[in-house]
Structure formats: C-alpha cells, structure tokens
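*Asks:* got a predicted structure plus its sequence, pasted below:
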Amino acid sequence: MKAHSFFWNRHLSFLYALTLLIAAYSALFTTFPLLLLFWSIYLMFLRKWSLLIILPFLFLYSLLPRLSAPPLGETRAIFSPSSLQKIETPFNTRYLYKGKLFLPSGSIRCTISYPDDSLPIGKLYVSGLLEERSPFSYQLKVHSATPLKTSFSLAAWRYEMKNRFRLLLEKLFSKEPRIALFFFALTTGELHDRFLRYQFGQLGLEHILGVSGFHFALLTSLFSLGFAFPYSKKKKIFLLLLLSTYYLFVGQSPAVERCWLVAMGYLISHLFQRPIAPINLLSIAMIIEMLFDPLSIANIGFQLSFSSCFAIALFFPPINELLSLLWPKKRKSASLLLQPLFLCINALRSSLSLTIAVNIFLLPLLLFQTNAFPPLSIFYNLFYPFCADVALLFLALTLLLYFLFPPLTCLILPLTHHLASWLLDLAALPPLPFTTPLLAPSPPKFFLPVTFFLLLSLFATYYYSKAKNKHSLEPGILL
C-alpha cells in the first residue's frame, strides 16, 4: 500500500479520473455498484478522504442520463445534427445523421438513418418513432422533418469541407481510388469502404483508420518547420487556432476529443510556462470528457484511445528499459559502419516496447468486448502504424506543395502513391493461416477491473522501487 500511496500522491489527477470513471460506470451500467464499494474501501486505505466525500456526488451526477431517459415511441422534437456520414452496404446506401434530440424531458444523443442526403444539415423539427438500439443509444425513424431557420450550421460546413477534401484526394489519386479512400480515412476518421475496413480489422489495424494524436503532432511539426514568428507565444496561439480548426473539421468523437484536449493542454501549459506531466494531462482530458458526457465511457473509441495512451505512458519506459538490457543502445564509440545498425536496433526495440505496452492494456479489453484477438495484430503493429504515419507525412507534404507550389507536386506525388499502394497491398495479402482470430470464452464481469488494478499495482511497485533506488521523485514518463 505504501507504493500505491507514493504513486497516487504524484499523480493525483489520474486517481480523480479513475474515481470518476468507476462512479460513471457504476451509475449507468450496473444494478448493484459492487465495484464502487471496493473502490471506496481502496480510497479509505489510501486515506483520500476528499475523494470519498465527492464520490457520492460523482455517482449521482453520472446517474442523470438514466434518470432522464426519454419515453420511447412516437415523438416530436428538435434535432440538431453534428455530423453526416455516408454508409454503403452490399444492399443499399444510407446516410447517417448524428446529433442531439431535444425533448421536453431533456436532450439525448440520437441518430437518424435516411435513404439519401436530402435532409437539410441544420436544426430540424422532426416527428417519428424513437427506438433504443442499445443502452442509452437512440435512433429516430423519421416520418416528417421541417428545417428551422438558422444562420450557420457547423455540421453542414463540416460535411461540405469533407466532400471537397474527398474530391481533391480522388483527383490526386485517380489511378487508384482505394488510395484516396485510405487517406480520407486516415485524415478524417471516416471509412466508406466496408471491404477495406474488413482487411484492416482482421489484422488488428482498425485503429489506424482514425484520427489520433499523431495527426495533431504532424500539424504542429509542419507548421513549426514551415513558418516562424518572432515570438514563440504568437506561434503557440496560432497553433491553438490551427488545431482547433482541424478538430472542428474532423468532428466530435471521444478519441478526437482526447487528442484535441491533450494538444490544447500541452500548448497552454507551455504558453504559461507550466509544463504538465503527460499522464496528468491525459487524466485531465479524461475528466473533462466524462464531465461533459458520462455516456462517453460506453464508446469503444473512448476505451481504446485512453487505454492505449495510458498504457504507453505507464508501461513503455519500463519495457523499453528491460529490452535495453537485451539489445544494446547506440554507442558513440562505434564505427560509422555500425551506426546504422544501432539505429535500426533502437528503432526496432522502441517499436517492440510500444507494441507490448499497448497490448498489455488492449488485449484484456478486446477479449472482454469481443472474446477474440487477431494473432497478426502484434506483428503488424510493430511496423504498420509507423509506415502509415510516414505515408500521412508524405500526403501532408504533397498537399502543401499542391497549394503553395503546384508544379512541384509531381516530385513527391509518385512517392506518396507507391507507399500507400504498398501499404494497402500489405494489408490485403496477409498470411492466410494466421488470419483466423483467437477465440476465448466470455470472461466474467470482474475480469477487466481486476486485470487493470493488478497492472496498476505492478506499475506502482515499479515506480516506487525506481524512485527509492535513485532517490528521485521524477516519474520519467514518456508519451
């Protein structure tokens, strides 16, 4: 318990985030909050009395969506869309409107499936049949819709911008349309090709086809390299606006919100010269998301995004340190001929450490959610995400040249095309004997919290012993 207290005292925001997560889960998705009881006992052992006092209030706050559940059936309400996505199936094409439905009892997240995109992308007065497809997930079968007079619709602007961007990609990669679909998914998080999603899904690479922290880091790097202000404060303010514009372009989702909040927190903390440890920055972003919408914890994007980031923040340093004992680091005294070899070893070690760290958290989560795990995931995740990031970098450079120096686009466009084509071929032709997912029996409900608690206990012990041995309280956490 001493190691736990030592760790939490230096990462208090992480403890608050986990407390809010457990309170929200217990309020929304359990009938008897046994997990909440055990967590309360744990907080008593830690002597975190302030958290024990606010825990009931967090539970009651998270309970509000359950208490304000809308009546199902025929209803009339105002629908405010936040996004529009085209869904193609082998049988038909439909358009999925996502947004909020404002009822007399309160507002709920709702989707409208429509056979075409004729519905105006703005506030609508709708009537139809309201159904609950899954807990707290509602769909409205529209009978009639009347547009309300509004001056501006962010969803309409986003849909128009994405359409223009998609047409631009189709123009640049007209020889191979699947490359345009691939890059559109990488940059916007939307994938309209079901077969491409299946190919990446069987390799455990679906997470690549979405917006991640790398997108925000790439925008920051390109801007920093391409432009310079006399004062760094102006550059950071401009970066805040640039990343916020990209966030508005991509649209709201738990994973995108996490990236945006972390990027904003990082820039603001450096703007005021008060850097925040990455794990605390992640925790603050998680708290903000859950406070604004407790139901976000049920989103698989929220679970995978925060789990993988916390896994990197917690377990990448010790795993990389352990592998360093097996694989030597780059040596300054080595000859010039051996320097590239050490660079490759370092890159491979870091990639392997990252893959192991992420899968430590994601494997229990995937087994709990799907009872299956793609065996090729571990191998492909060693190199494929890095290659996809390189392809995204080449795309960014291609677009930059296209808008600034169009004649020079031909210098880098073929390289971008060949790299993306190679990556797609690699995903389309995996070793067939290993494509069958490993199946596991359904784990009990306590499997996930117990597994994560044991992992956190393991890291707390490592963290405490390392600080004790080195007489340092610095976490040395890398994200």
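*Replies:* Okay, I see it. Numbers count the residues shown, from 1 in each chain.

*Asks:* low-confidence ranges in the chain?
*Replies:* For the chain, applying pLDDT under 70 flags the ranges 89-90, 150-151, 211-215, 217-232, 327-339, 470-479.

*Asks:* report the buried residues of the lengthiest strand in it.
*Replies:* For the chain, the strand that runs over the most residues, judged by DSSP state E, is strand 73-88. Applying a neighbour-count criterion of 16 or more other CB atoms under 10 Å, one finds Thr75, Ala77, Phe79, Ser80, Pro81, Ser82, Ser83, Leu84, Gln85 buried in strand 73-88. All C-beta atoms are positioned from the backbone trio N, CA, C, and that covers glycine.

*Asks:* check stretch 6-23 too.
*Replies:* Neighbour-count burial for stretch 6-23 [16+ other CB under 10 Å]: 6-8, 10-11, 13-23.

*Asks:* which one of the residues you listed is nearest to Leu205?
*Replies:* Lowest distance from Leu205 to the buried residues of stretch 6-23 (CB to CB) belongs to Leu21, with 26.9 Å.

*Asks:* what residues are up against the closest one?
*Replies:* Counting by CB atoms under 8 Å, 6 or more residues apart in numbering, Leu21 touches Met286, Met290, Ile297.

*Asks:* gap between the closest residue to Leu365 other than its chain neighbours and Pro374?
*Replies:* If the residues on either side of it in the chain are set aside, Leu365 comes closest to Ser307, at 5.6 Å by CB to CB, 6 or more residues apart in numbering. Going from Ser307 to Pro374 by CB to CB, to the nearest Å gives 17 Å.

*Asks:* those two: who's more crowded?
*Replies:* More crowded of Ser307 and Pro374, by other CB atoms under 10 Å: Pro374, with 23 against 18.

*Asks:* counting neighbours, which of the contacts of Leu21 comes out on top?
*Replies:* Met286 (28 neighbours).

*Asks:* what about that one, which SS state?
*Replies:* helix (DSSP: H, G, I helix; E, B strand; the rest coil).

*Asks:* biggest helix in this protein, by residue count?
*Replies:* helix 339-370 (DSSP state H).

*Asks:* after it, next one along is what?
*Replies:* Using DSSP states H and E, the helix or strand that directly follows helix 339-370 along the chain is strand 372-373.

*Asks:* from the chain's centroid, how far away is that following strand?
*Replies:* Centroid displacement of strand 372-373 relative to its chain, using CA atoms, centre = their mean, to the nearest Å, is 20 Å.

*Asks:* can you tell me what sits against that strand?
*Replies:* In contact with strand 372-373 (CB under 8 Å, 6+ apart) are residues Gly204, Leu363, Leu366, Leu367, Pro437, Leu438, Leu439, Ala440.

*Asks:* buried ones among the residues you listed?
*Replies:* Going by neighbour count (16+ other CB under 10 Å), the contacts of strand 372-373 have Gly204, Leu366, Leu367, Pro437 buried.

*Asks:* ok, which pair from the residues you listed is furthest apart?
*Replies:* Top of the distance list for those (CB to CB): Gly204 and Leu367, 12.5 Å.

*Asks:* give me the contact list for stretch 50-62.
*Replies:* Residues contacting stretch 50-62 (CB under 8 Å, 6+ apart): 15-16, 19-20, 23-24, 26-28, 33, 36, 39-40, 43-44, 290-291, 294.

*Asks:* same thing but at 7 Å, please
*Replies:* 15-16, 19-20, 23-24, 26-28, 36, 40, 43-44, 294 (CB atoms under 7 Å, 6 or more residues apart in numbering).

*Asks:* with respect to Ile319, which of those is nearest?
*Replies:* Distances from Ile319 to those, taken by CB to CB, are shortest for Leu15, at 23.2 Å.

*Asks:* the closest one and Ala391: what is the separation?
*Replies:* 39 Å.

*Asks:* do Ala27 as well
*Replies:* Counting by CB to CB, the separation of Ala27 from Ala391 is 42 Å.

*Asks:* and for Pro430?
*Replies:* Counting by CB to CB - Pro430 and Ala391 are separated by 18 Å.

*Asks:* so the two - more neighbours on which side?
*Replies:* For Pro430 versus Ala391, neighbours defined as other CB under 10 Å are more numerous around Ala391 (24 against 16).

*Asks:* what's the distance between that one and Leu205?
*Replies:* In terms of CB to CB, Ala391 sits 13 Å off from Leu205.

*Asks:* hmm, back to that, just the buried residues of stretch 6-23: which are in strands?
*Replies:* Using DSSP E, none of those sit in strands.

*Asks:* from those, pick the one nearest Ser324.
*Replies:* Of all the buried residues of stretch 6-23, Ser324 sits closest to Phe7, with 22.8 Å by CB to CB.

*Asks:* that closest one contacts Ala460, correct?
*Replies:* Yes - using CB atoms under 7 Å, Phe7 is in contact with Ala460, at 4.0 Å.

*Asks:* isn't Asn381 right up against Thr355?
*Replies:* Yes - when contacts are counted by CB under 7 Å, Asn381 is listed as touching Thr355 (4.9 Å).

*Asks:* could I get the contacts of Leu21 as CSV with distance to Leu242?
*Replies:* As requested, those are exported to CSV (distance: CB to CB, whole Å):
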residue, distance to Leu242
Met286, 24
Met290, 27
Ile297, 30
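
*Asks:* of those residues, closest to Gln273?
*Replies:* For the contacts of Leu21, with Gln273 as the reference and CB to CB as the criterion, the closest is Met286, at 24.4 Å.

*Asks:* please name the nearest non-neighbouring residue to that closest one.
*Replies:* Nearest non-adjacent residue to Met286 (CB to CB, 6+ apart): Ala17, at 4.5 Å.

*Asks:* please enumerate the strands of the stretch 301-450 of the chain.
*Replies:* Applying DSSP state E, counting those that start in this stretch to the stretch 301-450 of the chain gives strands spanning 372-373, 438-439.
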